[in-house]
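In: Here is my input, please return the structure:
(one chain, ligands or ions: 2)
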Amino acid sequence: MAAFFGANEIWERRAEDGRETVILVGVRETNAEDPVKEEEFRHSLSELAELSKACGMEPADTVTQSLARINVSLYVGAGKGEEIRTIAEAFDAKRVIFNDTLSPSQIRNLQKRLKLPVMDRTALILEIFERRARTREARLQVELAKLRYLKPRLIGMWETQNRQGGASGAMSAKGEGETQLEIDRRTIDHRLSELSKELKNVSRERATQRKKRQGSGLPLVSLVGYTNAGKSTIMNAMLARYPSDASAETTAEKRQVLEADMLFATLDTTVRRIAVSRGKEFLLSDTVGFIHKLPTSLVEAFKSTLEEVTQADLLVQVVDGSDPHYRRHIEVTKKIIAEIGAGHIPMITVFNKADLMDPPVAYPMMGSVEQSVAGTSNVNLYLCAKERESIEFLCGEIFEILHAERITKTFLIPYERGHIVSFLMESAVVLDTAYTEKGTRITVECDRAAAERVEKALS
Ligand SMILES: Nc1nc2c(ncn2[C@@H]2O[C@H](COP(=O)(O)OP(=O)(O)OP(=O)(O)O)[C@@H](O)[C@H]2O)c(=O)[nH]1
Ligand SMILES: [Mg+2]
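Out: Ligands and ions are numbered 1, 2, ... in the order given. Okay, the predicted model is just below:
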């Protein structure tokens, strides 16, 4: 991958050390089907500034424009193009970042006009993902997403430059990027198919692990939500409060996940067993966070990572309740959840960071029905992930909902099927045991799903 992308100056030619001065540009489209409100527009630009900082850039200025429609050839209006150029020169900016996905021809025209490399929001998010990707699966997925994004752009450039008889094309601001010409459609397609194959293998491994976990009969609870909301903090706090001592678990499985005050701290999916007491256990998964305008190519490429979410019995949507834009975050999360096919799964909403909320709220506390987020979930909690009491409260609620699916059942298990008894001892609350002529008669309280599996095994 390094060799392949080494030739691509959209990302790689940027100095990794030292912060690069950049100018941000956003257009508010007033005639769009669903025009964004001024306030939301500002928010998305401040998010763009955060994204650029996360990529080692220093935004010096933000240029905005309201247009009835985005300019098809230049994204901004022609006059605005000149203004951006003047501002970029004044700040000695090295790059201009645009708040929307640019078409290949917009990139070309803008670079020609501005005489600077341009980057769009999608490329920026892809770059952060690339920097953060640690596991093999995450790296493969990011490369796939990036290549899908790049393909039309590289080919567009290749064609333009060929038409120009090899003259330095629009992408090659300041003489960079000639090697781009060497990358042709076949190379890209070849790599794309290699990546898809590798990812299929990884996805198969993941499916095997999942099957093994399903064998434990434990319900799966998935943490989902906007980036930086506190998902990993909740995961770690749960692990610390209710460590599982199941002998099958390795030290690695008990390991905590990375929590950090940065965008996209988590890029993979981690599943851990949370044991409140014997028979009161569930699996908890923590995964990649979402963001407004998360590139479709990323959502698609991260399908296998996100599969854990689609398999969950319960979703816990974590919201940074102290962020003034939390409503927007909830909307984005809801949309992505539906996109990946998890819209039907029951969900609790956690308004996290209650300790930072202004005006202050009491916590841990159950939100009122009026505070419920329409169409999202009807159970909502105010919490502070960093406090033990909040974590216990959340766990209680999770069980409350999971237990709605709990039943009491008696089984007669032949002595030669002892492993089924062990399974029930592990995953259910045993209410009564008797040893009869025909086998062990055992009465348990367990998940409906676990009971169904035992019935099937005995039939
Ligand atoms: N004050 C306060 N800070 C919190 C709370 N929960 C999390 N944080 C902080 O918020 C930041 C982000 O937390 P993470 O747990 O990494 O967030 P995440 O949702 O996993 O983020 P991504 O992995 O990027 O999707 C960290 O600096 C946490 O310490 C809370 O309840 N109160
Ligand atoms: Mg995280």
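
In: give the contact list for Ile420.
Out: Phe411, Ile413, Val454, Ala457, Leu458 (Cβ atoms under 8 Å, 6 or more residues apart in numbering). From N, CA and C alone the C-beta is placed, and that goes for glycine too.

In: and with 6 Å instead?
Out: Ile413, Ala457 (Cβ atoms under 6 Å, 6 or more residues apart in numbering).

In: and the gap between it and Val429?
Out: For Ile420, the distance to Val429 equals 16 Å [Cβ to Cβ, to the nearest Å].

In: Of all residues in the stretch 251-400 of the chain, which one is closest to ligand 1?
Out: Gly289 (2.2 Å; Cβ to the nearest ligand atom).

In: Not counting residues beside it along the chain, what's closest to that residue?
Out: Spatial nearest neighbour of Gly289, excluding adjacent residues (Cβ to Cβ, 6 or more residues apart in numbering): Thr227 at 3.2 Å.

In: burial measure for that neighbour, as a count.
Out: Using other Cβ atoms under 10 Å, Thr227 has 24 other residues around it.

In: I'd say it and Asp261 touch.
Out: No. Under the criterion of Cβ atoms under 6 Å, Thr227 makes no contact with Asp261, lying 10.8 Å away.

In: Let me see the mean pLDDT of the strand or helix carrying Leu381.
Out: Leu381 is part of strand 379-382, with elements assigned from DSSP states H and E. The pLDDT scores in strand 379-382 average 87.

In: and what of stretch 335-344?
Out: Per-residue scores along stretch 335-344 average to 90.

In: Between the two ends of that stretch, how far is it?
Out: Chord length of stretch 335-344, first to last residue, is 12 Å (Cα to Cα, to the nearest Å).

In: same question, stretch 431-450
Out: First residue to last in stretch 431-450 (Cα to Cα) measures 16 Å.

In: Stretch 269-289 now?
Out: Stretch 269-289: ends 10 Å apart by Cα to Cα.

In: May I see the buried residues of that stretch?
Out: 269-276, 279-289 (16 or more other Cβ atoms under 10 Å).

In: next one: stretch 331-347
Out: For stretch 331-347, by 16+ other Cβ under 10 Å, it's Glu331, Val332, Thr333, Lys334, Ile336, Ile337, Ile340, Ala342, Ile345, Met347.

In: which parts of this structure sit against ligand 1?
Out: Taking Cβ under 6 Å from any ligand atom as the contact definition, the chain meets ligand 1 at 227-233, 259-261, 263-266, 289, 318, 352-353, 355-356, 384-386.

In: so where's the stretch 1-150 of the chain shaky on pLDDT?
Out: 1-18 (pLDDT under 70).

In: can you give me the strands in it?
Out: 20-29, 57-67, 95-98, 118-120 (DSSP state E, counting those that start in this stretch).

In: Tell me how far the shortest one lies from the chain's centre.
Out: Right, strand 118-120. Averaging C-alpha positions (Cα atoms, centre = their mean, to the nearest Å) puts strand 118-120 22 Å from its chain's average.

In: other SSEs contacting it?
Out: Contact analysis of strand 118-120 by 3 or more Cβ pairs under 6 Å, 6 or more residues apart in numbering; DSSP states H and E lists strand 95-98, helix 104-114 as its packing neighbours.

In: Show residues contacting that strand.
Out: Residues contacting strand 118-120 (Cβ under 6 Å, 6+ apart): Val96, Ile97, Phe98, Thr101, Leu102, Ile107, Leu110, Gln111.

In: and Phe393, what does it touch?
Out: Pro364.

In: in the strand or helix carrying it, what's buried?
Out: Using DSSP H and E, Phe393 maps to helix 388-403. Buried residues in helix 388-403, counted by 16+ other Cβ under 10 Å: Ser390, Ile391, Phe393, Leu394, Cys395, Glu397, Ile398, Phe399, Ile401, Leu402.

In: before we move on, what about stretch 62-77?
Out: In stretch 62-77, counting by 16+ other Cβ under 10 Å, buried: Thr62, Val63, Thr64, Gln65, Leu67, Ile70, Asn71, Leu74, Tyr75, Val76.

In: Over to stretch 29-39?
Out: Those would be Glu29, Val36, for stretch 29-39 by 16+ other Cβ under 10 Å.

In: Please state the offset of that stretch from the chain centre?
Out: Distance, centroid of stretch 29-39 to centroid of chain: 26 Å (Cα atoms, centre = their mean).

In: now swap in stretch 390-406 and tell me
Out: That offset, for stretch 390-406, works out to 24 Å (Cα atoms, centre = their mean).

In: do stretch 315-330 as well
Out: For stretch 315-330 - counting by Cα atoms, centre = their mean - the centre lies 14 Å from the chain centre.

In: Could you identify the longest helix within the chain?
Out: Taking DSSP state H as the criterion, the chain has its longest helix at helix 185-214.

In: Could you pull up the mean pLDDT of that one?
Out: Mean predicted lDDT for helix 185-214 stands at 86.

In: From ligand 2, how far off is Arg132?
Out: 10 Å (Cβ to the ion, to the nearest Å).

In: Touching, that residue and Leu267? I think so.
Out: Yes. Using Cβ under 6 Å, Arg132 is in contact with Leu267, at 5.1 Å.
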